[in-house]
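Visitor: Please work out how this folds:
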Amino acid sequence: MSNTETHPAEVNCTAGPDGGRPELEILTPREVPLGGPRAMTVRRTLPQRARTLIGAWCFADHYGPDDVSVSGGMDVAPHPHTGLQTVSWLFSGEIEHRDSLGSHAYVRPGELNLMTGGHGICHSEVSTPRTTVLHGVQLWVALPAEHRAAPRDFQHHVPAPVRLDGAEVRVFLGSLAGDTSPVRTFTPLLGAEVVLGPGAEVTLDVDPAFEHGVLVDRGGVSAHGAPLKPAEMGYAAPGHPTLTLTNDGPDEARLVLLGGPPFREQIVMWWNFIGRSHEDIAKAREDWMQGTRFGEVTGYDGDRLPAPELPSVALKPRG
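Guide: Below you'll find the predicted structure:
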């Protein structure tokens, strides 16, 4: 998915110390409209001032349930990415994906689409005519410096549900609950959908070297005993060998669990680009506007997205 903000902020991101933080830090989302007057609104929990990264996860949008007859659905024209992987996961609806690698695929509920931007890729995303309600998450993963110019790639995976007492888990990246995803990543990661039955509680064995994010989709969920509302994300620092999730309500609850070891590299993120300096971002923007480096998307009916204007003053890396 594109970040279609017309005035995106340039963000310097780095993992920071967590000494003195509570066992679960609660990140509240901000609403961001994607597109024009009938724009679909997403709830963004990463990046934000309080925390810009959870492992290598650097961007998290949660959207829907969205009635496409009212909003018009999703129609994101071809746009570029560098230095990252995009992770698409749906709860309902269907999105048609086309990219400059030549991939033509569909994002469907319970199916992972992961695209590697690396040196440069472009893609389009359009909700299909079969979609009535669009609902899901769009996530980005920052690539480490040694792999930030990786070649374009696209992977698709349908994880089998793992049934636990009172819960069902679908592991789309990494390992959890005895299941391991075959999808390749450039840093250790965890990505999973967890559905909790009414009043259910489950304790999951997790990697204590990972920090974790619990993004609630629906229901009232507690993580490490701290309550979370829908669209909020709970952050747990490394050091926990288990994670206890509780459904505090009478109805089924659903969440997305993210994780990874702290990402210690400094990155600069602007619009749909990740680099290591303002100059990296400026070069990517220039290449996109000049029609080089990113290739072409075939089969999309319309023009590609122009890049916004760069900020007049570049942010400098911070220690």
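
Visitor: the helices in this structure, which residues?
Guide: With helices called from DSSP state H, the chain shows them at 68-71, 278-290.

Visitor: quick one: average confidence on the longest one?
Guide: For helix 278-290, the per-residue pLDDT values average out at 96.

Visitor: could you dump that helix to CSV, C-alpha only?
Guide: What follows is helix 278-290, C-alpha atoms only, in CSV (Å, rounded to 0.1, in the frame of the first residue of the first chain):
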residue,chain,number,x,y,z
HIS,A,278,18.0,12.5,3.0
GLU,A,279,20.1,12.1,-0.1
ASP,A,280,18.9,8.5,-0.5
ILE,A,281,15.3,9.7,-0.3
ALA,A,282,15.9,12.6,-2.8
LYS,A,283,17.5,10.2,-5.3
ALA,A,284,14.7,7.7,-5.0
ARG,A,285,12.1,10.5,-5.6
GLU,A,286,14.1,11.8,-8.6
ASP,A,287,14.3,8.3,-10.1
TRP,A,288,10.6,7.8,-9.7
MET,A,289,9.7,11.1,-11.3
GLN,A,290,12.0,10.5,-14.2
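
Visitor: List the contacts of residue 218.
Guide: 230, 252, 253, 254 (C-beta atoms under 8 Å, 6 or more residues apart in numbering). Placement of C-beta: from N, CA and C, glycine included.

Visitor: hang on, isn't the second one packed against residue 198?
Guide: Yes - under the criterion of C-beta atoms under 8 Å, residue 252 lies in contact with residue 198, with a separation of 6.4 Å.

Visitor: just to revisit the earlier point, please indicate which of the contacts of residue 218 are buried?
Guide: Buried residues within the contacts of residue 218, counting neighbours by 16 or more other C-beta atoms under 10 Å: 230, 253, 254.

Visitor: what's around residue 159, how many residues?
Guide: Other residues lying near residue 159 total 21 when counted by other C-beta atoms under 10 Å.

Visitor: Look up the pLDDT of the closest residue to residue 202 other than its chain neighbours for me, please.
Guide: Take residue 202 and drop its neighbours on the chain: the residue closest to it by C-beta to C-beta, 6 or more residues apart in numbering is residue 167, 4.3 Å away. Residue-level confidence at residue 167 comes out at 98, pLDDT.
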